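Enquirer: Give the three-dimensional model of this entry:
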Amino acid sequence: MKVTVVGSGYVGLVTGACFAEMGNDVYCVDIDQKKIENLKKGILPIYEPGLEEIVKRNYSGGRLRFTTDIKEGLDDSLFMFIAVGTPPDEDGSADLQHVLAVARDIGRKMEKYVIIVNKSTVPVGTADRVREAVREELTKRGRGELEFDVVSNPEFLKEGAAIEDFMRPDRIIVGTDNVRTGELIKELYAPFVRNGHPIFIMGVRSAELTKYAANAMLATRISFMNELSRLCEISGADIESIRQGIGSDTRIGMPFLYAGLGYGGSCFPKDVKALIQTSKEFGLESKVLKAVEEINHEQRFRFADNVKKHFGGDVKGKTFAVWGLSFKPQTDDMREAPAIDIISVLRDAGARFRAHDPVAMEVAKSIIGDKSVTYVSNYYDALEGADALLLLTEWNQFRRPDYERMKSLLKQPLIFDGRNQYDPAKMKEIGFTYYCIGRP
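Expert: This next block holds a predicted model:
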């Protein structure tokens, strides 16, 4: 089938590459000329395991094309996916300027029937606004008779596992009131659901809200565990034991029940804010989500405060090794990463850092900068002469380190673990002073 994806960022590039991998002819459109030229050379703007190989394979096979001209895709495609950013506005609502700009561009240049698919995360009612924007441009051109449909098809991709999520989805959500359009979308996605997982056809507004509801629920689980971890620290309970105790309940399950530094990245923070603001626009107050956001914000600063507390409130002149900078493993995404706030707080108090991340260091340099931060290529090198280790991202290579080597490199055997990677009893046995989240 013929598909165009407008926006070659994280969602757009994964979507286009995976559709091409299943034999479709795909145009990836972006207004950034340099990004398009780099993609043609096999240089990707993001890190995502497995994506580079798929992009290169399908580009060389002629199934994946990159262009800055949306008309190329419009003239050749039935499906026009909108996969551009919807960053939070000043009030927390989703900024739809890029989505609506694409809609207007489609209206100015379309010459035949197309199905416009909102892949971007957008609030309730966005499909109506996209429809109005396209219709307005068509009317200006005297082509108001042209037919088109607008569909909501939210993405559910986890950074670090996006290829697997797209190729073998738990479910596919399609919002449309047109039976024929729903069948065409189902035909497009049929190769991805041969494992029997469902395609849900629902109303457009229900589909738009489903995406926010899913991310808000997962964020709620994270903040709930972090709030519970605070009680554990005071009462002497162990959050890991509690996680096992409640997670084994089939009504609850294990995913997203880990205490730590809270959520970050491009989705959870902005989607929680957007859902709070959407509720406000409909005259409702999101009491639960406001608490979720507050707990998440506080968690990273509590961690930094605990570091300062250990040193009697004075970390001036101290050097901290940092393992992990990205908001989660298997990505270079630094958006809303806890490391940014933790380093900022301790740096303002006079601390210095030796930091390592397997893939995010270049991105970190552009956000955190190199003032008081030395970036090293090996995570053991970060420990050399440091007063303590701050473990901020749970990359696999940090899970089974050489503890004796760590003790020989650190000034003192002291670890602040924001991701609960190690066993407290074992750390005590081998001579570490070990702080973690919600564990004795």
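
Enquirer: going forward, measure contacts between C-alpha atoms and count neighbours the same way
Expert: Will do.

Enquirer: Mind checking the pLDDT average for the top helix by length along the chain?
Expert: If you go by DSSP state H, the chain has its longest helix at helix 204-235. When pLDDT is averaged over helix 204-235, the result is 97.

Enquirer: Following the host helix or strand of residue 104 in sequence, what is the next regular element?
Expert: Using DSSP states H and E, residue 104 sits in helix 97-109. The helix or strand immediately downstream of helix 97-109 is strand 114-118, counting by DSSP H and E.

Enquirer: most remote residue from the chain's center?
Expert: The C-alpha centroid of the chain is most remote from residue 142, which lies 41.3 Å away (C-alpha atoms, centre = their mean).

Enquirer: quick one, phi psi at that residue?
Expert: Torsion angles at residue 142 (phi, psi; degrees, to the nearest 10) stand at phi 70, psi 20.

Enquirer: now it: how far from residue 381?
Expert: 66 Å (C-alpha to C-alpha, to the nearest Å).

Enquirer: ranges for the helices of the stretch 51-200 of the chain?
Expert: Ranges of helices in the stretch 51-200 of the chain, per DSSP state H, counting those that start in this stretch, are 51-60, 70-76, 97-109, 126-140, 162-167, 179-189.

Enquirer: From the chain's centroid, how far away is the shortest one?
Expert: When you say that, I think you mean helix 162-167. Centroid separation for helix 162-167 versus its chain: 14 Å, with C-alpha atoms, centre = their mean, to the nearest Å.

Enquirer: what do you get for the third one?
Expert: When C-alpha coordinates are averaged (C-alpha atoms, centre = their mean), helix 97-109 and its chain have centres 25 Å apart.

Enquirer: And the contacts of it?
Expert: By C-alpha atoms under 8 Å, 6 or more residues apart in numbering, the residues outside helix 97-109 that reach it are 6, 70-71, 74, 82-86, 120, 129-131, 133-138, 141.

Enquirer: could you redo the last one with a cut-off of 6 Å?
Expert: Applying C-alpha atoms under 6 Å, 6 or more residues apart in numbering, the contact partners of helix 97-109 are 130, 133, 134, 137, 138.

Enquirer: what angle sits between that helix and helix 126-140?
Expert: 30 degrees (axes from the mean of the first three to the mean of the last three C-alpha atoms, to 10 degrees).

Enquirer: Which residues belonging to helix 97-109 are considered buried?
Expert: By neighbour count on 16 or more other C-alpha atoms under 10 Å, the buried set for helix 97-109 is 98, 99, 100, 102, 103, 104, 106, 107, 108, 109.

Enquirer: Adding distance to residue 177 and pLDDT, write these out as JSON lines.
Expert: Shown next, in JSON lines, are those (distance: C-alpha to C-alpha, whole Å; pLDDT from 0 to 100):
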{"residue": "98", "distance to residue 177": "24", "pLDDT": "96"}
{"residue": "99", "distance to residue 177": "21", "pLDDT": "97"}
{"residue": "100", "distance to residue 177": "21", "pLDDT": "97"}
{"residue": "102", "distance to residue 177": "22", "pLDDT": "97"}
{"residue": "103", "distance to residue 177": "19", "pLDDT": "98"}
{"residue": "104", "distance to residue 177": "22", "pLDDT": "98"}
{"residue": "106", "distance to residue 177": "21", "pLDDT": "98"}
{"residue": "107", "distance to residue 177": "21", "pLDDT": "97"}
{"residue": "108", "distance to residue 177": "25", "pLDDT": "97"}
{"residue": "109", "distance to residue 177": "25", "pLDDT": "96"}
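
Enquirer: Tell me the one of these nearest residue 353?
Expert: Distance to residue 353 across the buried residues of helix 97-109 (C-alpha to C-alpha) is lowest for residue 98, with 37.8 Å.

Enquirer: now the closest one: how far from residue 5?
Expert: Residue 98 is 14 Å from residue 5, by C-alpha to C-alpha.

Enquirer: repeat for residue 209
Expert: Residue 209 is 22 Å from residue 5, by C-alpha to C-alpha.

Enquirer: So between the two, which is more surrounded?
Expert: residue 5 (31 against 19; other C-alpha atoms under 10 Å).

Enquirer: got the domain boundaries for the protein?
Expert: As recorded under automatic domain parsing, the domains making up the chain are 2-201, 244-435.

Enquirer: Endpoint to endpoint, the shortest one covers what distance?
Expert: Looking at domain 244-435, the gap from its leading to its trailing residue is 20 Å under the measure C-alpha to C-alpha.

Enquirer: so how far is it from its chain's centroid?
Expert: Using C-alpha atoms, centre = their mean, the offset of domain 244-435 from its chain centre is 16 Å.

Enquirer: Tell me the pLDDT of the residue lying closest to residue 290 once chain neighbours are set aside.
Expert: Sequence neighbours aside, residue 276 is the residue nearest to residue 290 in space, at 7.2 Å (criterion: C-alpha to C-alpha, 6 or more residues apart in numbering). The per-residue pLDDT reported for residue 276 equals 96.

Enquirer: Where does residue 276 sit: helix, strand or coil?
Expert: Following DSSP: H, G, I helix; E, B strand; the rest coil, residue 276 is assigned to helix.

Enquirer: Tell me the spacing between it and residue 95.
Expert: Distance from residue 276 to residue 95, by C-alpha to C-alpha: 14 Å.

Enquirer: Between those two, point out the one with more neighbours.
Expert: Neighbour count, other C-alpha under 10 Å: between residue 276 and residue 95, residue 276 has more, with 24 against 18.

Enquirer: Now do the more buried one against residue 216, distance only.
Expert: 10 Å.

Enquirer: again with residue 307
Expert: Using C-alpha to C-alpha, residue 307 is found at 30 Å from residue 216.

Enquirer: Which one's more surrounded, the two?
Expert: Neighbours were counted for residue 307 and for residue 216 using other C-alpha under 10 Å; residue 216 has more, 26 against 21.

Enquirer: Tell me the pLDDT of the closest residue to that one other than its chain neighbours.
Expert: With C-alpha to C-alpha, 6+ apart as the criterion, residue 216 has its nearest non-adjacent residue at 5.5 Å, and that residue is residue 272. Here the pLDDT value assigned to residue 272 is 96.

Enquirer: One more: residue 91?
Expert: At residue 91, pLDDT is 83.

Enquirer: Residue 61 now?
Expert: For residue 61, the model assigns a pLDDT of 97.

Enquirer: ok, it - how many residues close by?
Expert: Other residues near residue 61 come to 13 when the count uses other C-alpha under 10 Å.

Enquirer: Quick check: phi and psi on it?
Expert: Dihedral angles (degrees, to the nearest 10) for residue 61: phi -80, psi 0.

Enquirer: 2 is where my numbering starts, stick with that
Expert: Got it, the first residue is 2 from now on, which makes the last one we talked about residue 62.

Enquirer: quick one: it and residue 47, what's the gap?
Expert: As for residue 62, its distance to residue 47 is 22 Å (criterion: C-alpha to C-alpha).

Enquirer: coming back round to it: closest to residue 151 among the buried residues of helix 98-110?
Expert: Among those, and counting by C-alpha to C-alpha, the member closest to residue 151 is residue 104, at 10.0 Å.
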